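Enquirer: Sequence and predicted structure below; questions after.
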Amino acid sequence: MSDTATSEHPEPATGAAGEHSDADHDEGHAHPSDWAYAKIAIVLAVITALEVFTYFETVLDWGVALVPSLIFMMVVKFYLVATWFMHLRFDSKLFGRMFTAGLTLAVGVYLVTLTVFEFWV
């Protein structure tokens, strides 16, 4: 007599077609709704449209504010993608700090590179 679901290794709950239930995947944290992901995607699309408009807008003279505004929008988009779509919002704070350090390093290298081409000619 062999029992496949013992107290040591319980068998996961299955649906009508043998799929695992959603409860198996939600053990660590509660996932946001599909509407939350749709709202974040809409915000990302609006920021991207604003970036494109900012870069190609010739009527307004952005002057020195062009690059900082584009970098700010880039950082906001990175934050939203990393926290929502890569689920860093629900993971350990260590992973969030690692991504923040990587973003800070990348922006720093980019700014140094920009100054090299602009001021060190």
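Expert: Cool, the structure landed.

Enquirer: what stretches of the chain score poorly on pLDDT?
Expert: Using pLDDT under 70 as the threshold, the predicted model of the chain has low-confidence ranges 1-29, 58-59, 119-121.

Enquirer: Break down it into its strands, ranges please.
Expert: Taking DSSP state E, the chain contains no strands at all.

Enquirer: what's around the closest residue to residue 67 other than its chain neighbours, how many residues?
Expert: Ranked by Cβ to Cβ, 6 or more residues apart in numbering and with sequence neighbours excluded, the top spatial neighbour of residue 67 is residue 114, at 6.8 Å. All C-beta atoms are positioned from the backbone trio N, CA, C, and that covers glycine. Residue 114: 12 surrounding residues under other Cβ atoms under 10 Å.

Enquirer: ok, residue 114 to residue 79 distance?
Expert: If you measure residue 114 against residue 79 using Cβ to Cβ, to the nearest Å, the figure is 21 Å.

Enquirer: Surely residue 83 and residue 95 touch.
Expert: No: with the criterion set as Cβ atoms under 8 Å, residue 83 and residue 95 do not qualify as a contacting pair; they are 10.4 Å apart.

Enquirer: Which helix in the chain has the most residues?
Expert: For the chain, the helix that runs over the most residues, judged by DSSP state H, is helix 93-119.

Enquirer: For that helix, name the packing helices and strands.
Expert: Based on contacts counted as 3 or more Cβ pairs under 8 Å, 6 or more residues apart in numbering; DSSP states H and E, the elements that helix 93-119 packs against are helix 66-80.

Enquirer: Quick check: buried residues in the helix it packs on?
Expert: 74, 78, 80 (16 or more other Cβ atoms under 10 Å).

Enquirer: Now render these as JSON lines, adding distance to residue 36.
Expert: Shown next, in JSON lines, are those (distance: Cβ to Cβ, whole Å):
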{"residue": "74", "distance to residue 36": "22"}
{"residue": "78", "distance to residue 36": "18"}
{"residue": "80", "distance to residue 36": "11"}
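
Enquirer: quick one: which of those is nearest residue 101?
Expert: Checking these against residue 101 by Cβ to Cβ gives residue 78 as the nearest, at 12.7 Å.
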